[in-house]
Structure formats: structure tokens, C-alpha cells
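In: Show me the folded form of this:
(one chain, ligands or ions: 1)
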Amino acid sequence: MMTKPDGLEQCPDCGAWLPPASEGAIHRYIGASPACWAIFSALVNAGEPPLAPHPLIALLPDAYAAQHPGVPSAQAVQSVAVHLLTLYGVLECNVAPEQTLWIRQRAVRGAAIERHVRFVWLTPPDFAGSPTVADITAKELPAARTEQAIHYIEAVWNLWAQRHQPTIAAWYQRYVIDTP
Ligand SMILES: [Zn+2]
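Out: Prediction:
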């Protein structure tokens, strides 16, 4: 771990060093630092700074959640699994990015009790040195930000895939593709 630069706080999940957020809003089961979450929130929810349109931008929330898995809980297990299944479906199985709702709905359909034993916690990859959302917003132009966003999405997925693609592929086949 590098020496902490003056005044900056490190996001525990993606490792980004950022000035502390003025407001301490955090997500309930995503593990990001408040400053990292604020950047993601502005980018995705408020469109600030703007991105150039691209179909894969729809995966930004999935990549962010997958890079910020937090700590194991039933809710985090399901959340991370659904985001990974969405990334897998689009990036590896050619599902259209605008059809990811189908993956999400398939992945969590059925009774709540059964859902809670469907997925398990996967040990997250090491995201040290991987791109962060701050790298996206650091670009000056919308087209460059979108290019960086797609690089970010693919980098996050590739790190997960190196460790867990067989498991994610098996979940996808069983819970998204196969009809019960
Ligand atoms: Zn982060």
C-alpha cells in the first residue's frame, strides 16, 4: 500500500484516492467510499459529467457494483451475482445491452427462500491498479469519457472472469437460461 497522499481517502473497494466527499452518503450494501459513490452517482444518476451515447454504457452500474462488492451479506451476495450475470450475458453471450432487464428478472425469479440459497459469495478479485470511475470523469470530452467507461466495464468484468467465470457461467445457464 502506498503512503496516503495528503488529504485523500482511499475507496476500500476500487482503491481510488479521492478528496473526501462533502456529504457522507453511502449505499447500504455497496462498499464504496462516500467520495467514490458520489462520483458514480453524479455520473450515472445525474449525467454529470455527460457521456457520449453508447449501448454498453448501460453496464456502468453493473461494473461499478461488481467492483464495489462490500462485505458478505445475503443482499450483497444476490446483488453482486445479478450484476455479474448481467456483465456475463452482454459481454460473453451477446445479449443486447438494452435487454439486461431480462437477465435481472430471470436471475432473481422464484420464491425468496429459494433465491437466498441460489448464489454464494465469490471472493472478489484484487482491483488494485484497475481503472476507477474517477478515471472516467477525469477525461475532458464526452467521447473520451465513454471510451474510458467501456474500458472500465471490460476491465472489471475481466478481473472477475479470471477468477470466477466458470461459476458465473454455470449460474447463468441454470438460473437465466434453463427454465425451471
Ligand atoms: Zn471505489
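
In: what does stretch 170-178 contact?
Out: For stretch 170-178, the surrounding residues in contact (C-beta atoms under 8 Å, 6 or more residues apart in numbering) are 81, 85, 88-89, 93, 103, 106-107, 118-119. No exception for glycine: its C-beta is placed from N, CA and C like everyone else's.

In: Go again with 10 Å.
Out: Stretch 170-178 is touched from outside by 81-82, 84-86, 88-89, 92-93, 95, 102-110, 115, 118-120, 122, 164-165, 180, with contacts defined as C-beta atoms under 10 Å, 6 or more residues apart in numbering.

In: Kindly report the same for stretch 140-154.
Out: The contact list for stretch 140-154, computed with C-beta under 10 Å, 6+ apart, reads 14, 43-44, 49-60, 62-64, 66-67, 87, 90-91, 130-133, 135-139, 161.

In: Near the ion, list only the ones from the residues you listed.
Out: Cys14 (C-beta under 5 Å from the ion).

In: hmm, back to that, please spell out the PyMOL selection for the buried subset of the contacts of stretch 170-178.
Out: A single PyMOL command is used to select the members of those judged buried by 16 or more other C-beta atoms under 10 Å:
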select buried, resi 81+82+84+85+86+88+89+95+103+104+106+107+108+115+119+122+164+165
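
In: List only buried entries from the contacts of stretch 140-154.
Out: Buried by 16+ other C-beta under 10 Å: 14, 43-44, 51, 57-60, 62-64, 66-67, 87, 90-91, 130-133, 135-137, 139, 161, out of those.

In: Just the contacts of stretch 170-178: which are in strands?
Out: Assigned to strands by DSSP state E, none of the contacts of stretch 170-178 qualify.

In: and Ala63, what is it in contact with?
Out: Ala63 is in contact with 40, 56, 83-84, 86-87, 91, 131, 133, 149-150, 152-157, 160, counting by C-beta under 10 Å, 6+ apart.

In: In strands only, show me those.
Out: Assigned to strands by DSSP E, none of the contacts of Ala63 qualify.

In: what about Pro142, distance to the ion?
Out: To the ion, Pro142 is 22 Å away according to C-beta to the ion, to the nearest Å.

In: what sits against Gly15?
Out: Neighbouring residues of Gly15 by C-beta under 10 Å, 6+ apart: 1-2, 33, 36, 67, 126-130, 132.
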